[in-house]
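>>> Below are the sequence and a predicted model for it; my questions follow.
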Amino acid sequence: MPDPAGQGPGSSRSELRRRRARRRRSRAHRGLALAVLLVAFVAVSSAGALVLVARSPDSVVECNLQATHPPALGSSSFVYADDGTRLGTVPTGRNREPIALSSMSHWLPTATVAIEDRRFWSHGALDYAAIARAAVADLKAGRVVQGASTITEQLVRDRYLGDRRMTLSRKLQEACLAVQLAQRSTKRQILGAYLNQVFYGNHAYGVQAAAWTYFSRPASQLSLTQAALVSGLPQSPTLDDPFRHPHAARTRRNEVLAALLRARAISPPTYRAAVARPLGLHPGQRYQQLRYPTFTGDAVRQLLQRDGAATAERGGLTVTTTVDPRLEHLAQTAIAGWLNAPSDPSAALVAIDPRSGAIRAMTELNPSGRTLRFNLATQSRRQAGSAFKVFTLTAALEDGIPLSSVWNGPPSLTIPNRECLNGNGPWVVHNYADESSGTMTLRDAIAHSVNTIFAQVVTRVGPRRVVTVAHQMGVSSPLKPVCSITLGPEGVSPLEMTDAFATLADGGVQHPPTALAGPLVSGRRAVPAALVPKLNDALSGVIRSGTGTAANIGRPAAGKTGTAENFEDAWFCGYVPQLAACVWLGYPQAEIPMQNLDGFAQVVGGSVPARIWHDFMAGALQGQPALPLPGANATAPLTPAIPQPLPLQPGPAPPA
């Protein structure tokens with residue numbers, strides 16, 4: 001005799017498992033039948049009865065719309081240039097742009113009602129007839145085969161309840177909250193809220209984001225077939241994804257068109273013509289594409305640092321930046337005018353308004369076409385070469401060493417100071433190509449960038465003082481206080497160097513560089529005011545008669561060239577009172593010598609970088625007055641020098 005469990009001697013384990021599975025299915029069907037009957041009972045009862053059931057002391061269902069706090073929906077945050085030009089969006093997981101119902105194509109609400117809730121305008125929060133029909137169909141099938149949620153219920157589910165497992169208590173709560181929402185809102189308000197919130201796939205929430213994502217146009221301009229496609233997506237945005245499953249998407253679109261035909265919203269001829277049309281997708285880049293990606297990416301980074309990721313995630317921000325599209329275009333054009341072959345090095349250019357720290361242009365060019373994982377203007381750390389002598393000169397003037405002091409600059413020099421010792425013993429410094437520079441003033445030494453003289457200067461002021469001055473003027477990268485700091489072996493970014501030179505352009509006041517527009521923030525004194533005229537005078541000599549003559553733009557300006565060892569990096573940084581800019585050239589993938597470029601045997605700071613700076617600044621300052629640099633030599637030439645490519649020649653280029 002088999003035991004009560006049915007596990008007799010002849011029963012197999014597989015037979016036992018099958019029996020248990022049948023019992024589980026039977027219990028599930030009975031549970032489903034009970035749930036459906038309860039919902040159907042509630043449905044055919046009054047809405048008041050539903051609220052009483054939900055609010056009864058023994059009920060586990062909570063139903064208080066006022067006490068239910070929906071999560072913030074969030075919306076896309078857009079980034080704009082200083083002239084109102086849209087640059088892109090702040091990247092988040094949701095793209096959403098709420099718009100009024102009256103601003104949508106009329107086909108969107110019409111198609112949505114036809115496919116989701118055809119009696120929306122005539123029933124209340126719940127469609128009792130639909131619930132009863134669904135109950136009968138689900139009981140016959142033994143599983144849920146037909147839904148009966150109204151648009152109001154779907155809105156409650158998305159806004160207040162979230163993506164939770166469907167249970168009887170949850171269904172009752174959803175229905176109860178829907179009744180309360182319907183009592184507080186008009187039909188148009190509910191439909192508008194639904195169309196602005198529902199998920200349409202591919203990170204698009206709401207019809208405006210869906211319209212831009214699938215058709216590159218606003219929701220107001222969607223045609224009948226486009227609106228039908230969008231309206232059909234909420235049921236299954238993944239399986240009906242038009243980009244991945246176009247056949248399924250077209251089938252679903254045609255179901256929406258059939259619903260419109262049944263609702264007599266379109267005529268049979270219009271229906272036949274519409275179902276024959278292709279999807280006509282035009283994928284949009286509104287939420288992915290960034291105009292001026294080098295600058296805009298940095299602006300978004302600053303926004304996240306300032307306001308926090310949570311604020312950016314909530315969205316709804318209008319972010320105005322400091323970039324000037326005209327200057328950005330000039331920067332791109334200036335670089336492209338000298339670098340256009342795939343084998344050419346990369347370049348970055350940053351321009352800052354010295355009076356505020358506002359970044360007016362920030363661009364980069366990578367002729368090889370390789371995708372870079374970092375921002376060349378803000379995240380690259382490359383040797384600044386002799387451009388770092390500016391900090392040594394500033395430290396020397398602070399230490400009381402005058403520009404008129406006379407120094408001897410031999411071709412090479414051994415520095416025996418203990419703090420300058422390195423792994424090979426005493427520090428040995430060479431001038432460019434071992435050429436003797438002779439005896440000269442400190443003013444001439446900076447103009448001609450004499451290494452052996454500045455090696456002597458750094459031992460006088462101390463490398464720690466040079467590091468301090470660099471940090472005060474705007475360099476934020478960590479720097480080692482070694483004697484060779486004066487020759488720029490440490491890695492810095494173009495943004496940092498531009499900020500440092502902008503400090504001199506604003507009379508020694510340093511302003512933190514910013515890409516975000518806002519109230520002017522007072523800078524801090526970084527260089528004693530009495531020294532700035534002397535620095536301006538010395539650095540204007542670089543352009544007037546030194547290594548940077550190619551940068552002459554025909555108005556008072558100051559700057560400094562920089563060339564790293566083996567021509568692996570080349571810089572020109574310069575300024576006028578209204579604008580400071582730095583140009584960097586190099587190969588980002590490795591420290592590769594730059595040779596035979598645009599007629600230059602070796603690329604130094606005074607060659608291509610100075611010419612790019614010249615071309616950019618000449619256009620950027622067009623129409624602006626030629627203001628003097630305080631204290632600089634008033635005899636600077638006002639006739640612009642037009643740099644020309646030089647023929648390839650063996651041997652060294654001018655010192656940098």
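Cool, the structure landed. Numbering: from 1, shown residues only.

>>> what residues does stretch 92-106 touch?
Here stretch 92-106 makes contact (Cβ atoms under 8 Å, 6 or more residues apart in numbering) with 73-77, 89, 109, 188, 191-192, 195-197, 203-209, 212-213, 218-223, 226-227, 286-287, 312-313, 315. Just so you know, the C-beta spots here come from the backbone N, C-alpha and C atoms, and that holds for glycine as well.

>>> Could you double-check that Leu520 sits in contact with Ser356?
Yes. Counting by Cβ atoms under 8 Å, Leu520 does reach Ser356; the two are 5.5 Å apart.

>>> quick one: which of those two has more around it?
Each of Leu520 and Ser356 has its neighbours counted (other Cβ atoms under 10 Å); Ser356 has more, 22 against 10.

>>> which residues touch that one?
Counting by Cβ under 8 Å, 6+ apart, Ser356 touches His511, Thr514, Leu520, Val521.

>>> Can you tell me how far the last one is from Thr320?
Taking Cβ to Cβ, to the nearest Å as the measure, Val521 and Thr320 are separated by 16 Å.

>>> Mind giving me the ChimeraX command for buried ones among the contacts of stretch 92-106?
Of the contacts of stretch 92-106, the buried ones can be selected in ChimeraX as follows, counting by 16 or more other Cβ atoms under 10 Å:
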select :73,74,75,76,77,89,109,191,192,195,196,197,203,204,205,206,207,208,209,212,213,218,219,220,222,226,227,286,287,312,315
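
>>> among the contacts of stretch 92-106, which are in helices?
Residues of the contacts of stretch 92-106 located in helices (DSSP state H): 109, 188, 191-192, 195-197, 207-209, 212-213, 226-227, 312-313.

>>> Quick check: buried residues in stretch 460-470?
Buried-residue list, stretch 460-470, by 16+ other Cβ under 10 Å: Val461, Gly462, Pro463, Arg465, Val466, Val467, Thr468, Val469, Ala470.

>>> That one - what's its average pLDDT?
Stretch 460-470 comes out with an average pLDDT of 97.

>>> and it, how far from the chain's centre?
36 Å (Cα atoms, centre = their mean, to the nearest Å).

>>> for the nearest residue to Ile592 once chain neighbours are set aside, what are its contacts?
Distances taken as Cβ to Cβ, 6 or more residues apart in numbering place Glu568 nearest to Ile592, at 6.4 Å, with adjacent residues excluded. Applying Cβ under 8 Å, 6+ apart to Glu568 gives the contacts Arg382, Gln383, Gly586, Tyr587, Glu591, Ile592, Pro593, Met594.

>>> And Thr392, which helix or strand is it part of?
helix 389-398 (DSSP states H and E).

>>> Would you mind listing which of the contacts of Glu568 are buried?
Looking at these with 16+ other Cβ under 10 Å, the buried ones turn out to be Arg382, Gln383, Gly586, Tyr587, Met594.

>>> phi, psi of the second one?
So that's Gln383. Here is the backbone geometry of Gln383 (degrees, to the nearest 10): phi -70, psi 130.

>>> With Ala564 instead?
Torsion angles at Ala564 (phi, psi; degrees, to the nearest 10) stand at phi -80, psi 170.

>>> what about it, distance to Leu393?
For Ala564 relative to Leu393 (Cβ to Cβ), the value is 19 Å.
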